[in-house]
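Asker: Below: sequence and its predicted model.
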Amino acid sequence: MNEAIKQLNIADLARMRAAGEKIACLTAYDASFALIEDRAGVDVILIGDSLGMVIHGGSTTTPVTVSDIVYHSKCVAPHLKRAYLVADLPFLSYATLDRALDASQRLMQEGAAKMVKLEGGREQANIVEYLAVRGVPVCAHLGLQPQFIHKMGTFKVQGREDAAAEAMLHDAKVLAEAGADLLLLECIPAALGARITAESPVPVIGIGAGLQVDGQILVLQDVLGISPQVTLGRTPRFVKNYLADAKASGERAGLIEAAIGAYVREVKSGAYPAPEHCF
Ligand code: KIV
C-alpha cells in the first residue's frame, strides 16, 4: 500500500538536520517543473529572484518585483504535494520593517509560500526579528548576495579573508538569534561553510558552500544546463549539469525527471558537491 504523501513543514527540516539527512533544494518557477521536482523528491522549492535572470533574461536580479515572485509562486504552490515552499523577498522589498511585512504577507497569503528569504547579514537582524515574531519564517541568505551586485561590482567568492570569514560567522549567529529558521550560504570557502554549519542552531543550506552543510540548493536551469549563464559559457564552478549525465546514461523517457532525481540522490548521499564544485 502507498504511504500517504505528507507536506513537509519547518519542523521536518530541523528533524532532517538532526537525523543527518541532507536537504535537497531546487528553484522552480512554473507548474510543469513544480510537479516534476515534487515527484522527484526535492524537499524545498525556492521561488528565487534568480527568475530575473533565468526567466526574464536580465543580467541581475535587481528588477524583480514582489508581484513577479507572487506570480511564480502561484504557478508553483498548488502543485506541491510534499515539498516545502520558500519565496524570495526581492530587491528593496524589505528595506523597512513595514515593507518587509507587506511583502511577506503577499508572498505567504497570495503566493502560499511557507517561508520568505532575504539577503544580508547582522544589519537585517531587526527585520528578521520583526517578521519572525509575527509568524513569518525567515531564511537568511549570507555570503554572495546577488541583490548587492551594484555595490559589489562583480559576483565573486565571499569570506576568503579571515576577517570576512569571522564577520560571516558572527552574522550567522546574530541572524539565528534574531529568529531566522534557515540559513543559506552562497559562494564561500567549503571550510567556512562547515564552520558556520557546525555552530548554527538552525539548518544551513549551501550553494557553492561545500559539502559539510545540511543541504544544497541549485537553480533549476543550471541543473539542466540551459540557463543563460551556462549557454553563454559562464557556468559557475558549483554547477553540475544533471541532464547531460542522464542523457549519457542512456535514459530516454522522463529525462528531466531522471536528471532532477539524480540531483536529489546525489545531495542525499553526499556525492554532490564534489571537490571540483567547491571553493
Ligand atoms: O534566487 C535564487 O534562486 C537564489 C538561489 C540561487 C539560492 O537565491
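Answerer: Done, it's in.
Asker: what about the spatially closest residue to Val230 that is not a sequence neighbour, which helix or strand?
Answerer: Once flanking residues are discounted, Val230 sits nearest to Asp222: 6.2 Å by Cβ to Cβ, 6 or more residues apart in numbering. Bear in mind the C-beta positions are built from the backbone N, C-alpha and C, glycine included. With elements taken from DSSP states H and E, the one containing Asp222 is helix 220-223.
Asker: Could you list every helix and strand in contact with that helix?
Answerer: Packing partners of helix 220-223 (3 or more Cβ pairs under 8 Å, 6 or more residues apart in numbering; DSSP states H and E): strand 23-27, helix 228-231, helix 255-269.
Asker: Can you mark which positions in it are buried?
Answerer: 220-223 (16 or more other Cβ atoms under 10 Å).
Asker: Which part of this protein gets nearest to the ligand, residue-wise?
Answerer: The ligand sits closest to Gly48 of the chain, with a gap of 2.1 Å, by Cβ to the nearest ligand atom.
Asker: what about the closest residue to that residue other than its chain neighbours, how many residues close to it?
Answerer: With Cβ to Cβ, 6+ apart as the criterion, Gly48 has its nearest non-adjacent residue at 4.3 Å, and that residue is Thr27. For Thr27, the count of nearby residues is 28 (other Cβ atoms under 10 Å).
Asker: what is Thr27 paired to in the beta sheet?
Answerer: Listed beta-bridge partners, Thr27: Leu46 (assigned using DSSP bridges).
Asker: ok, now which ones touch it?
Answerer: By Cβ atoms under 8 Å, 6 or more residues apart in numbering, the residues touching Thr27 are 45-48, 50-51, 54, 217-220.
Asker: nearest to Leu183, of these?
Answerer: Ile217 (11.6 Å; Cβ to Cβ).
Asker: excluding its backbone neighbours, what's nearest that closest one?
Answerer: Cys25 (3.8 Å).
Asker: Tell me where the model's unsure across this structure.
Answerer: For the chain, applying pLDDT under 70 flags the ranges 1-2.
Asker: what does it have sitting close to the ligand?
Answerer: Residues of the chain that fall close to the ligand, judged by Cβ under 6 Å from any ligand atom: 27, 46, 48-50, 88, 184, 207, 217, 219.
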